[in-house]
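Chemist: quick one: sequence plus predicted model below, questions after.
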Amino acid sequence: MSIIVENISKFYGKQKALNNISFSLKKGEICGFLGPNGAGKSTMMKIITGYLTDFTGTAIIENFDIKKAPLEAKKRIGYLPEHNPLYPDMYIQEYLMYVARLYHTLYPENRTKEIMELTGLLPETGKKIGQLSKGYKQRVGLAQALIHNPDILILDEPMTGLDPNQLEEVRHLITYISKEKTVMLSTHVMQEVKAICDRIIIINKGNLVADYYKNQLNLNKQESLCIEIRFAPNCNTQWLADLENMIIQQTEMNTFRIETSSNYDPRILLFNLAAEHHCPIIELKIKEKNLEELFHSLTSS
């Protein structure tokens, strides 16, 4: 395993930020680390990267305990924090060369050019970091996290400030580099989680509330069956009120949301009753629970 987290708890004074969290990640995984603001995501990432040391439990990075062998563990980690710390008065290439030398990277000049090409920074070579857009500053932060070719990438809100084209580029980049690395990323952009992550971990109020591989995550499996039905204009739909054992809510003109228990499918009944009442159905579909709804259901309490 690339990352092993066992029974980690963290207090800020009397406030518990993390409560006995355990999980492990293996090489090649892209893990979406999700939770509402204040859930403890950034705290956990700071612990894994060795930035915070005052915690209980164990964090193992590529077989190195982050407390007992912090330098060996940190060598294997690339970290992009939520608030991307950069030197605005340095040129991009100058800054990345500086970071490469801090890591004692072989052939730092060649590696800097290679990583600038990989992250799409070459067109901005002549600019100082302070002159860059927020999206390009994020690319510089990603480049510094990658420059020493780490085994593990910890990315805290890496999509912040990126336009749609940049989002697509960074998504492809993360997917590409994950083939040989472990990637753990925190984000509020659920579309990105669905697009690139194969593992989803959700924490809420410092507690781990979900840990799924995406191919095991059956979002259709729910306690109730939800159907959306839309009728032709000017239909008399008062007969819906007579249906039993269903929760019926009108969502817009001629459109209704109908919920039943998961083991009862009312679609045949609805078709027959609609025909009987001369009420043509324009559209009928099962409303699948999406990742946003799952996130809300697990973190709203």
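Modeler: Structure received. Residues are numbered from 1 along each chain as shown.
Chemist: what pLDDT does the residue nearest the centre of the chain get?
Modeler: In the chain, the residue lying closest to the centroid (Cα atoms, centre = their mean) is residue 32, at 3.5 Å. pLDDT recorded at residue 32 is 94.
Chemist: which of the three states applies to it?
Modeler: strand (DSSP: H, G, I helix; E, B strand; the rest coil).
Chemist: tell me which residues form a beta bridge with it?
Modeler: The bridge-partner assignment for residue 32, based on DSSP bridges, gives residue 185, residue 200.
Chemist: which stretches of the stretch 1-150 of the chain form helices?
Modeler: 41-48, 70-75, 92-102, 108-118, 134-146 (DSSP state H, counting those that start in this stretch).
Chemist: now render the ones you listed as JSON lines, adding mean pLDDT.
Modeler: Formatted as JSON lines, the helices of the stretch 1-150 of the chain follow (pLDDT from 0 to 100):
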{"stretch": "helix 41-48", "mean pLDDT": "94"}
{"stretch": "helix 70-75", "mean pLDDT": "94"}
{"stretch": "helix 92-102", "mean pLDDT": "96"}
{"stretch": "helix 108-118", "mean pLDDT": "94"}
{"stretch": "helix 134-146", "mean pLDDT": "91"}
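Chemist: closest to residue 298 out of the ones you listed?
Modeler: helix 41-48 (13.9 Å; Cβ to Cβ). C-betas here are computed from N, CA, C, even on glycine.
Chemist: CA atoms only: put that closest one into CSV for me.
Modeler: Extracted in CSV, the C-alpha atoms of helix 41-48 (Å, rounded to 0.1, in the frame of the first residue of the first chain):
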residue,chain,number,x,y,z
LYS,A,41,-10.0,17.1,4.8
SER,A,42,-7.2,19.6,4.9
THR,A,43,-6.2,18.5,8.4
MET,A,44,-5.9,14.9,7.2
MET,A,45,-3.8,15.9,4.1
LYS,A,46,-1.5,18.0,6.3
ILE,A,47,-1.0,14.9,8.6
ILE,A,48,-0.2,12.6,5.6
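Chemist: now do the buried residues in that helix.
Modeler: Along helix 41-48, these residues count as buried under the neighbour rule (16 or more other Cβ atoms under 10 Å): 41, 42, 43, 44, 45, 46, 47, 48.
Chemist: shaky segments in this structure?
Modeler: Scanning the chain with the threshold set as pLDDT under 70 gives 216-224, 262, 288-290, 301.
Chemist: I figured residue 215 hits residue 199, correct?
Modeler: No. Applying Cβ atoms under 8 Å, one finds residue 215 not in contact with residue 199, separated by 9.9 Å.
Chemist: looking at the two, which is more packed in?
Modeler: residue 199 (23 against 8; other Cβ atoms under 10 Å).
Chemist: list the contacts for the residue nearest to the more buried one when sequence neighbours are not counted?
Modeler: Leaving aside its chain neighbours, residue 199 sits nearest to residue 31 (4.1 Å; criterion: Cβ to Cβ, 6 or more residues apart in numbering). For residue 31, the contact set (Cβ atoms under 8 Å, 6 or more residues apart in numbering) comprises 25, 182, 183, 184, 185, 197, 198, 199, 200, 201.
Chemist: skipping adjacent residues, who's closest to the first one in space?
Modeler: What sits nearest to residue 25 in space, not counting adjacent residues and going by Cβ to Cβ, 6+ apart, is residue 3, at 4.4 Å.
Chemist: ok, now how distant is the one you found from residue 115?
Modeler: Applying Cβ to Cβ, to the nearest Å, the value for residue 3 to residue 115 is 23 Å.
Chemist: settle it for me: which of those two has more neighbours?
Modeler: residue 3 (25 against 22).
Chemist: from residue 248, how far out is residue 57?
Modeler: 48 Å.
Chemist: circling back to that earlier point, mind putting the contacts of residue 31 into a markdown table with distance to residue 90?
Modeler: Listed next are the contacts of residue 31 as a markdown table, based on distance: Cβ to Cβ, whole Å:
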| residue | distance to residue 90 |
| --- | --- |
| 25 | 33 |
| 182 | 29 |
| 183 | 27 |
| 184 | 28 |
| 185 | 26 |
| 197 | 33 |
| 198 | 36 |
| 199 | 36 |
| 200 | 37 |
| 201 | 35 |
